[in-house]
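S.K.: Provided below are the primary sequence and the corresponding predicted coordinates.
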Amino acid sequence: GRRRQNCETRGVVLRLAGVTATLWEAFAASGLRALGKCRLLLIGTFSEVRQYMSLLVDEMAAHPSCHKKGVSGAINNFVAHGTHPGIQIHTYENRRGPVWTGANVPRSNVLADADNDLINEDGYKYAVLHQYDQHEELWKNLLKRFLKSRQQKLAVLDCSSFQMESGDLRGYDLSHLPADSEKECCVACLEDTGCGAFIFSAGR
């Protein structure tokens, strides 16, 4: 079967799924053929992800002759399975780790708790759901659940503190959020302590 596991790097969670990269093409001398074909999904805090990405960039720079399609996945696995000062890596299987990838999970193996949150085989809620759109019923439930929450916020929050006027400002947006109405922009701004104004444009 396909090899699927998760790696956690001191607050950085890496997911390995049996897919594309061929490790031995770049790292045959390192004895990494046993790792198989994998690629990574990287999540975590900004500082930890930056630390990991620095290692990745250094490793890629050290192997210029290997620069071709798929090699970034191979180098990712080399870094993830190596030993690096200040970073500890722990591996997890997809069905027992903090990240769930739904693409290759049979419908009968999808587990949920009483609150309808997806859980792993140890009973813990997943921190990240990846490729959940491969399961139609799950996707519908998530859309229904979070759209309902969004609509409730729109109904409750008061936007009277903002003065609405037509117009736009030159320059780049500090941030961007897809929205269907001024009210949605208002709600997003109210939830961000650093936001003092917003621009709604139907054409963006």
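M.R.: In hand now; what should we look at? Numbers count the residues shown, from 1 in each chain.

S.K.: Tell me how the protein divides into domains.
M.R.: As given by automatic domain parsing, the domain ranges for the chain are 4-93, 99-150, 157-204.

S.K.: What ranges in the chain fall below the confidence cut-off?
M.R.: Within the chain, the stretches with pLDDT under 70 are 1-40, 70, 89-91, 147-158, 167-174, 202-204.

S.K.: redo that, cut-off 90
M.R.: 1-53, 55-121, 126-204 (pLDDT under 90).

S.K.: where along it do the helices fall?
M.R.: Along the chain, counting by DSSP state H, helices occupy 24-27, 46-61, 71-80, 136-156, 182-191.

S.K.: could you redo these as JSON lines and give each row distance to W100 and mean neighbour count?
M.R.: C-beta: built from backbone N, CA, C; applies to glycine. Below are these laid out as JSON lines (distance: least, Cβ to Cβ, whole Å; neighbours: other Cβ atoms under 10 Å):
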{"stretch": "helix 24-27", "distance to W100": "29", "mean neighbour count": "18"}
{"stretch": "helix 46-61", "distance to W100": "20", "mean neighbour count": "15"}
{"stretch": "helix 71-80", "distance to W100": "19", "mean neighbour count": "22"}
{"stretch": "helix 136-156", "distance to W100": "10", "mean neighbour count": "12"}
{"stretch": "helix 182-191", "distance to W100": "27", "mean neighbour count": "17"}
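
S.K.: Any chance of JSON lines for these, columns distance to N116?
M.R.: Below are the helices of the chain laid out as JSON lines (distance: least, Cβ to Cβ, whole Å):
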{"stretch": "helix 24-27", "distance to N116": "43"}
{"stretch": "helix 46-61", "distance to N116": "30"}
{"stretch": "helix 71-80", "distance to N116": "32"}
{"stretch": "helix 136-156", "distance to N116": "7"}
{"stretch": "helix 182-191", "distance to N116": "24"}
